[in-house]
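Undergrad: Just a sequence and a predicted model for now, questions to come.
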Amino acid sequence: MANGMQYRDWYFRGWRSRYGFCRSRNSDPNKPPILLIHGFGAAIDHWRSNIPALAENHTVYAIDLLGFGGSEKPPTRYSIHLWVEQVFQFWQKFINVPMVIIGNSIGSLVAAIAASHHPEIASGVVVISLPDIDAFNDMVPKALQPIERTVKAIVSAFLVKPLFHLVRQPFAIRLVLKGIVYCDRRRVDDQLVEIIAKPARDRQAAEAFLRLNRSINQPNYSPSLTQALSQLQVPLLILWGSCDRLIPPSEGKRLVKYAPNATLMYLEGLGHCAHDDHPERVNHEILTWLA
């Protein structure tokens with residue numbers, strides 16, 4: 001990938017984990033390093049058009065969360081807790097100075113929780129379309145939640161793997177990206193489709209997808225986002241595509257109230273993956289905020 005990234009593997013809890021790094025072109029010790037965390041089903045190269053701009057003045061790191069991208073896909077119990085620990089151990093091993101964490105979708109949830117639970121690792125956080133798992137769960141009345149979990153468990157047991165083999169096909173990926181995720185359909189090119197399709201062809205991918213699906217429906221899948229935001233000690237930039245079809249943009253107005261040092265910015269005409277939908281716009285907003 002022509003973005004200046006160098007790719008390496010390291011081991012987290014004995015599992016192989018993929019990461020990349022790109023040294024700053026203009027070395028400035030006063031500029032914090034940046035860590036990029038992708039969203040569900042994505043990988044390091046989903047930041048393909050952000051890394052060069054961010055690496056002008058910052059050393060940029062990116063990781064594939066366990067179960068995604070080039071990282072191993074073990075049959076384990078996945079959770080935000082697991083990925084937060086992966087981020088923390090990565091920081092301890094490779095960075096070890098306060099960094100700016102930038103995440104998209106589930107990666108933004110990992111970024112916010114990690115910075116709140118381990119305040120020493122972060123000097124700032126940028127989240128793009130931040131999901132609140134508790135808010136989604138609260139949409140179901142408490143009396144119906146046990147029934148909902150039972151139904152989801154049945155669906156997971158019998159349908160998730162067959163569905164995975166369908167949705168990992170390039171034509172299905174392209175259809176979903178163009179129809180739901182992206183506003184600028186021209187951004188959905190062969191390179192993007194392969195970024196998502198390639199990890200899904202891994203031998204362990206179907207089982208990992210099943211485990212991911214089961215885990216996300218568990219009540220302790222994620223710590224409280226609102227509590228984490230209220231305890232966040234560093235500046236927070238919340239970016240949200242105004243045309244996000246996966247998470248209502250109105251969530252931004254609700255969540256920004258919990259963070260004491262947060263800025264909310266809506267990006268007109270952009271979707272759920274705003275950083276790749278219109279990278280120039282998002283790069284500009286992030287770099288302006290960092291400055």
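TA: Nice, I can see it.

Undergrad: alpha carbons only for contacts and neighbour counts from here, please
TA: Will do.

Undergrad: Ranking helices and strands of this protein by mean pLDDT, which lands last?
TA: Of all helical and strand segments in the chain, the minimum by mean pLDDT, DSSP states H and E falls on helix 145-167, at a mean of 50.

Undergrad: Tell me the helix or strand right after that helix.
TA: Per DSSP states H and E, the first helix or strand lying C-terminal to helix 145-167 is helix 170-176.

Undergrad: which of the residues in that next one are buried?
TA: Pro170, Ile173, Arg174 (16 or more other C-alpha atoms under 10 Å).

Undergrad: same deal with stretch 252-266?
TA: Gly252, Leu255, Val256, Tyr258, Ala259, Ala262, Thr263, Leu264, Met265, Tyr266.

Undergrad: pLDDT below threshold where in the chain?
TA: Low-confidence segments of the chain (pLDDT under 70): 1-2, 27, 136-164.

Undergrad: all helices of the stretch 151-291 of the chain, in order?
TA: For the stretch 151-291 of the chain, applying DSSP state H, counting those that start in this stretch gives helices covering 170-176, 190-200, 205-216, 225-231, 250-255, 274-277, 279-290.

Undergrad: so is the residue nearest to the spatial centre of the chain in a helix, a strand, or just coil?
TA: Nearest residue to the geometric centre of the chain (C-alpha atoms, centre = their mean): Gly107, 2.0 Å. Using DSSP: H, G, I helix; E, B strand; the rest coil, the structure places Gly107 in helix.

Undergrad: Quick one: closest of the helices of the stretch 151-291 of the chain to Ser71.
TA: Nearest to Ser71, of all the helices of the stretch 151-291 of the chain, is helix 190-200, at 8.6 Å by C-alpha to C-alpha.

Undergrad: contacts for that closest one?
TA: The contact list for helix 190-200 (C-alpha atoms under 8 Å, 6 or more residues apart in numbering) reads 41-43, 45-46, 68-70, 168-170, 173-174, 205-206.

Undergrad: Same question for stretch 95-109.
TA: Stretch 95-109 has contacts (C-alpha under 8 Å, 6+ apart) with 32-40, 80, 110-111, 115, 120-132, 225, 272-273.

Undergrad: Where helices are concerned, which of those residues count?
TA: Judged by DSSP state H, these include Ile80, Val110, Ala111, Ala115, Leu225 as members of helices.

Undergrad: From Ser242, how far off is the last one?
TA: Just to be clear, that refers to Leu225. For Leu225, the distance to Ser242 equals 21 Å [C-alpha to C-alpha, to the nearest Å].
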